[in-house]
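# Sequence plus predicted model, see below.
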Amino acid sequence: MLSSTDFDGDVNLFHFVLLRCVGKGAFGKVRVVQHKQSRELYALKYINKTKCVKMKAVANIVQERRLLEEIDHPFVVNMRYAFQDDENCFFVLDLMLGGDLRFHLERMGSLSEDTVRFYMGELSSALSFLHEKRIIHRDLKPDNILLDERGHAHITDFNIAVHYTEKRLLTGVAGSMAYMAPEILAKRGYTYTIDWWSLGVCAYELIFGRRPFRGKTNSDLTHSISRDALRFPEDAQAKCSRAGIQALKGFLERDPPKRLGCKPNGEGFEEIQRHPWFQSIDWDALDRKELQPPFVPDSKKANFDASHELEELLLEDNPLKARQRKVQDINNLSAEMRQMEEQFTSYDFKKMQRRSYYPQTNQQIVSTMTATSSTSRPVTPMTISNDLGPNDSLNGHTYNQKPSIEEATTPYDDTDGVRMTEINNEKVQVY
């Protein structure tokens, strides 16, 4: 039997001290953990298998697990360990104590141009790396950008990220609608260009405290993203330089080949680096995290919703703890449980080389369930006031577990291995 401190065996929950809970979602939670041997602090994201099956999310969890194995970048929330027990699948991730940009945007109303330019430089570096790996994030928004304790920005939440190839364009409607590029809504096919559009929406929103394209209904929002002229607030020149405005116009160009960052063969990132808005950045020093972030989160305050810990103490009927695995015949498991058992494999960044699953992605990871015409609609637990829209809920949830869902119906589109739709401007996944 494996002892609680057997660090030579496969990684498991016995290797970690469980600390405070910092986030929760539809079928999982996030808490701070400390590795007993290295003493390093991490974020533990754990996903209940039974709820995962009910929500038809098995394929996405496996896809996220595999994509994260490929990624190691200074401005990404990287996976360090992965494992499972009888009840949960576990991701052990880089710990980000600075909160997400939605959290800070709500409190400050807007951010300075210098701060946003710094974040855009770091995020551009991360996106360029992902696109070299032929990975599209598909859900870049302030909620999915986390700050570390020093103030550096990191991309998180790869739940709907996918590999792409120019030979077979993606057509699935995926992401949070307010940040979707026009080519997604047009359903004519897209690749990595959509991430640069989303980055532009983020930059605009962070600087001006409102999004560039808005609508009270999905139809209105689709029309605005697809057709409305890009406008800036009356006080735009007081908040953003001429070069910054030009950069925003570049990212929010509707024609993908003309969009900033979208030149082929890696030239798009070079175009960003040469842009007048970014000329002050030493890109090598940026990647080494040697540049001082303009904004440093207050380490004396919780940069996330502190109620999660109270809920864990008062309401949790099955608190997380390390348990020995039961001996069971895998053939007796349901198809979905067997898929998780076989495909959510163990990972240890100190013992294993990162590898790519890209050659296998001609056949996407699709749930072993029989396909049904069902959709998933997030239930928004709160509505953000003013201009920030209902899809930006779960304020301060930190590692972006998904909201709970209800059943509805929608046509099936299996281009990406997951089906997507949108209801009331919210991100929706259709499995």
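Thanks, I have it.

# Residue 40 contacts residue 17, doesn't it?
No - contact criterion Cβ atoms under 8 Å: residue 40 and residue 17 do not qualify, at 11.0 Å. Glycine gets a C-beta too; all of them are placed from N, C-alpha and C.

# Give the residue from those two that has the larger number of neighbours.
Of the pair residue 40 and residue 17, residue 40 is the one with more neighbours under other Cβ atoms under 10 Å, namely 14 against 11.

# returning to what we had before: quickly list what's touching both of residue 40 and residue 17.
Contact criterion Cβ atoms under 8 Å, 6 or more residues apart in numbering; residues bridging residue 40 and residue 17 by contacting each: residue 34.

# The stretch 151-300 of the chain: strands as residue ranges?
Secondary structure of the stretch 151-300 of the chain by DSSP state E, counting those that start in this stretch: the strands cover 153-155, 162-163.

# out of these, nearest to residue 203?
strand 153-155 (11.6 Å; Cβ to Cβ).

# So which elements touch that closest one?
Packing partners of strand 153-155 (3 or more Cβ pairs under 8 Å, 6 or more residues apart in numbering; DSSP states H and E): helix 113-132, strand 145-147.

# Just name the most buried of these.
Mean neighbours per residue, mean count of other Cβ atoms under 10 Å, is largest over those for strand 145-147, with a mean of 26.

# Distance from the chain centre to it, please.
Chain-centre distance of strand 145-147: 10 Å, with Cα atoms, centre = their mean, to the nearest Å.

# average pLDDT for that strand?
Averaging pLDDT along strand 145-147 yields 96.

# follow-up on the earlier one: let's have the helices and strands packed on strand 153-155 in TSV, adding distance to residue 163.
Output for the helices and strands packed on strand 153-155, formatted as TSV (distance: least, Cβ to Cβ, whole Å):
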stretch	distance to residue 163
helix 113-132	10
strand 145-147	22
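
# which one of these lies closest to residue 197?
Comparing the helices and strands packed on strand 153-155 under Cβ to Cβ, the one sitting nearest is helix 113-132, at 11.2 Å.

# And the closest one, how far out from the chain middle?
Distance, centroid of helix 113-132 to centroid of chain: 15 Å (Cα atoms, centre = their mean).

# Of all the helices and strands packed on strand 153-155, which one is nearest residue 90?
Of all the helices and strands packed on strand 153-155, it is strand 145-147 that lies closest to residue 90, at 18.7 Å by Cβ to Cβ.

# The closest one - contacts with which helices or strands?
helix 101-108, strand 153-155.

# what number of residues lie near residue 338?
Residue 338 sits with 15 neighbouring residues when counted by other Cβ under 10 Å.

# what about it, which SS state?
Of the three states, residue 338 takes helix under DSSP: H, G, I helix; E, B strand; the rest coil.

# quick one: the closest residue to it other than its chain neighbours and residue 182, what's the gap?
Leaving aside its sequence neighbours, residue 338 sits nearest to residue 330 (Cβ to Cβ, 6 or more residues apart in numbering; 5.8 Å). Distance, residue 330 to residue 182, by Cβ to Cβ, to the nearest Å: 46 Å.

# So which of these two has more stuff around it?
Applying other Cβ under 10 Å to residue 330 and residue 182 shows that residue 182 carries more neighbours, namely 20 against 9.

# correct me, but that one touches residue 225?
Yes - when contacts are counted by Cβ under 8 Å, residue 182 is listed as touching residue 225 (5.7 Å).

# Pull out the buried residues from stretch 269-282.
269, 271-273, 275, 277-278, 281 (16 or more other Cβ atoms under 10 Å).

# And for stretch 281-289?
For stretch 281-289, using 16+ other Cβ under 10 Å, the buried residues are 281, 286-287.

# residues in contact with that stretch?
By Cβ under 8 Å, 6+ apart, the list of residues contacting stretch 281-289 reads 74, 117-118, 121-122, 125, 150, 152, 273, 291.

# Name the helix or strand for residue 45, please.
For residue 45, the element it lies in under DSSP states H and E is strand 41-48.

# for residue 326, same thing?
Counting by DSSP H and E, no helix or strand carries residue 326.

# Ok, residue 22 next?
Element membership for residue 22 (DSSP H and E) is strand 16-24.
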